[in-house]
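>>> when you get a sec, could you give me coordinates for this:
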Amino acid sequence: MQAIDWWLVAAYLLFALAAGAVLARRGGASVDQFFLSGRRLPWWLAGTSIVATTFAVDTPLVISGWVRDFGIWKNWLWWCYALTSLVTGFVFARLWRRGAVMTKAEFAELRYGDAGARWLRGFLGVLHAGFVDVIQMCWVLLAAAKIVDVLFGVDKTVGLAVACAIALTYSLLAGLWGVVVTDLVQFAISMTGAIVLAVMAWQAVGGAAAVAGAVAAGTLAAERLAFLPAPGPGGPLAASFWTTPVALMAVYLGVSWFAVESADGAPLTVQRVSATRDERHGTLAVVWFAVANNALRPWPWILVAIASLLVLPHLSVEAPVAGTVTGVSTASILLSPAGEAEATVAVPLVRAGDAADWRPVPRVGVGAEVAAGDVLAASDSERAYVVMLKRYLPAGLLGLVAASLVAAFMSTIDTLINVAASFFVNDVYRRFLHRGASDRHYVVVARLASAGVLAAAALAASAAQSISALFTLFISFLAGVGPVYLLRWFWWRVTAWTEIAAMLTSAAATLALTWLPVDWPRGPLSPDGALLHEGRLLLVVAASLAAALLTLALTATPDPAALVGFYERLRPPGAWGPVRALAAPSSRPGYALGASLCGVASALALVHGLLFGLGHLLLGRPGRAALLGALALAGLAGVRGSLRRLT
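Numbers count the residues shown, from 1 in each chain. Presented below is the predicted three-dimensional model:
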């Protein structure tokens with residue numbers, strides 16, 4: 001980092017503070033202004049804010065790690081959620097905006113309307129403010145620590161403290177107005193930085209021709225470049241067909257997209273939709289997010305990851321003997337061989353020929369028991385992105401990309417702070433602890449809650465190690481509620497206790513499957529006798545669905561009269577016969593479900609045509625790129641037609 005690089009980073013930080021100061025009066029005027037921008041956001045600003053938030057500083061690190069360790073196909077772990085986002089945009093966004101709620105917890109009370117619903121709202125408020133958003137902030141802080149450590153050369157605690165203090169300052173001053181306005185600039189800077197790094201790194205290693213040469217020479221495995229994993233021999237009915245990658249793909253495409261807690265809209269998506277001007281703007285915001293997030297963003301990160309495979313080899317250090325780890329440092333690991341308590345073997349981690357910026361890092365701690373051949377240290381694929389940045393960007397461009405990573409970090413942290421505070425203030429404090437106070441009082445509480453959740457996340461991050469492990473644990477934790485969240489919109493019979501049972505079962509099953517020592521039969525989802533995340537997800541969803549169905553069978557049927565207010569306000573489609581019979585005649589379903597589903601299918605063609613068309617083009621396959629480009633154009637025409645019908 002040269003002087004010009006530091007000036008670019010400083011200029012961005014000053015902009016963020018200035019935006020908070022300028023918008024402070026507007027954002028602090030009321031609770032609705034602080035958390036929902038007065039419900040006046042246009043679709044392009046709300047949608048871009050969601051994209052900027054999901055473009056966290058951890059995202060390029062995690063994706064480059066997946067590509068290096070598994071291959072491009074591993075991105076289906078999150079590409080499958082394109083369908084989730086499009087269903088939210090075309091099916092649920094209008095209903096969320098029509099409901100005029102601030103949070104998903106508030107919606108739970110509106111939807112069920114009984115004593116159980118009040119308890120559920122309070123529980124969800126505490127869960128999101130005190131755990132869910134804190135865990136998300138935790139992995140973002142962990143990724144930022146890796147970047148500060150490699151890129152800036154400053155103490156990571158000090159670096160993170162400065163960035164967090166600035167993000168907290170403008171989000172405290174201006175609330176959601178400060179968040180969305182800075183998000184717009186942050187997204188532009190982040191995408192520019194990612195594209196610049198991808199172009200520079202791709203050219204430095206020789207581009208598509210060098211990649212093809214490495215595949216031909218056998219130094220780069222062809223499966224690293226595959227968009228889909230290759231099955232084993234035999235047909236789908238043969239056990240040999242179901243390799244671990246193919247089984248994982250089946251889980252992603254068959255279960256993951258509807259199993260997550262955000263199946264009908266993530267909390268931040270619900271907040272942005274509720275903050276838009278009307279139902280049309282809410283729908284357009286989510287559709288724009290789905291296209292930008294899934295089709296336009298990934299390839300700069302993937303190209304950097306592929307380029308890194310040509311210049312940053314996988315490194316590992318294995319235990320020469322069985323024994324106990326007695327010391328760990330960046331230079332060596334000390335082992336006490338089994339049966340020789342007084343002896344010590346020093347295993348060096350720094351070897352001749354290793355680059356100073358790319359070395360194995362310890363994977364074991366003091367006291368660990370290891371067998372001969374166990375991996376003691378290995379290169380961290382999540383750091384490859386930052387190493388490539390440091391190697392291939394000159395002064396000035398390095399500062400631009402450094403500023404883009406700071407922007408990506410702050411665009412996620414500021415939203416998570418604001419969303420967590422909205423759950424606490426709207427669904428815990430104002431609903432149960434202190435009702436009827438002034439807007440000024442609640443805004444003060446919101447600012448205090450914002451600082452509190454950030455402090456809790458920093459404490460959690462100090463004890464965490466792996467970004468990917470936190471991400472996959474988070475996906476499973478509330479996976480079982482996804483089907484219930486979808487069903488509650490279409491069937492009047494679902495109750496608050498159905499949702500509570502699914503949620504508690506999901507959390508308990510995730511923790512049990514994560515921490516209890518179980519030797520699983522070897523198979524595609526447990527290749528080494530340990531259950532993979534995807535296998536855990538299947539079991540969690542099955543257990544939660546069973547609990548939800550059992551609760552439906554054992555609990556009393558809800559009173560249709562108690563749901564009339566909800567039905568008249570939102571007019572959802574589906575099986576609402578007993579409620580619809582009691583509602584006003586004018587409360588027929590305000591919904592074109594056919595046009596919505598047509599929009600989902602067309603947008604999927606648009607997203608995947610763009611995504612894989614760009615991929616084939618960048619990897620030197622123009623024929624396939626042209627075909628997929630045609631698919632994207634057809635999808636765009638279908639999306640426009642569906643939006644006209646819905647409007």
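
>>> from here on, just use CA atoms for contacts and neighbour counts.
Fine.

>>> my read: Cys598 touches Leu636, true?
No - counting by CA atoms under 8 Å, Cys598 stays clear of Leu636, with 11.7 Å between them.

>>> buried sites along stretch 253-270?
Going by neighbour count (16 or more other CA atoms under 10 Å), the buried part of stretch 253-270 is 253, 255-270.

>>> send the alpha carbons of it over as PDB?
Extracted in PDB, the C-alpha atoms of stretch 253-270 (Å, rounded to 0.1, in the frame of the first residue of the first chain):
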ATOM      1  CA  LEU A 253     -31.300 -28.100  -6.700                       C
ATOM      2  CA  GLY A 254     -33.900 -30.400  -5.000                       C
ATOM      3  CA  VAL A 255     -34.000 -29.200  -1.400                       C
ATOM      4  CA  SER A 256     -31.800 -26.200  -0.600                       C
ATOM      5  CA  TRP A 257     -33.600 -23.500  -2.500                       C
ATOM      6  CA  PHE A 258     -36.900 -24.000  -0.600                       C
ATOM      7  CA  ALA A 259     -35.500 -25.200   2.800                       C
ATOM      8  CA  VAL A 260     -33.800 -22.100   4.000                       C
ATOM      9  CA  GLU A 261     -35.300 -19.600   6.400                       C
ATOM     10  CA  SER A 262     -35.400 -17.000   3.600                       C
ATOM     11  CA  ALA A 263     -37.600 -19.200   1.400                       C
ATOM     12  CA  ASP A 264     -40.200 -16.500   1.200                       C
ATOM     13  CA  GLY A 265     -37.800 -13.600   1.600                       C
ATOM     14  CA  ALA A 266     -34.700 -12.900   3.800                       C
ATOM     15  CA  PRO A 267     -35.100 -10.400   6.600                       C
ATOM     16  CA  LEU A 268     -33.100  -7.700   4.800                       C
ATOM     17  CA  THR A 269     -35.100  -8.400   1.600                       C
ATOM     18  CA  VAL A 270     -38.400  -8.000   3.500                       C
END
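
>>> quick check: mean pLDDT of that stretch?
Average pLDDT, stretch 253-270: 90.

>>> do the same with stretch 294-304
So the average pLDDT for stretch 294-304 ends up being 91.

>>> please pull out the lowest mean pLDDT helix or strand from the protein.
helix 467-477 (a mean of 62; mean pLDDT, DSSP states H and E).

>>> just say helix, strand or coil for Pro320.
The three-state label given to Pro320 by DSSP: H, G, I helix; E, B strand; the rest coil is coil.

>>> could you count how many residues lie near it?
18 (other CA atoms under 10 Å).

>>> if I look at it, how far off is Leu335?
9 Å (CA to CA, to the nearest Å).

>>> okay, and the common contacts of Cys598 and Leu636?
Common contact partners of Cys598 and Leu636 (CA atoms under 8 Å, 6 or more residues apart in numbering): none.

>>> quick one: which of the two has more around it?
For Cys598 versus Leu636, neighbours defined as other CA under 10 Å are more numerous around Leu636 (20 against 17).

>>> and the more buried one, what does it touch?
Listed by CA under 8 Å, 6+ apart, the contact set of Leu636 reads 602-603, 606.

>>> so for the strand or helix carrying it, what's the average pLDDT?
Assigned by DSSP states H and E, Leu636 belongs to helix 622-646. Helix 622-646 shows a mean pLDDT of 93.
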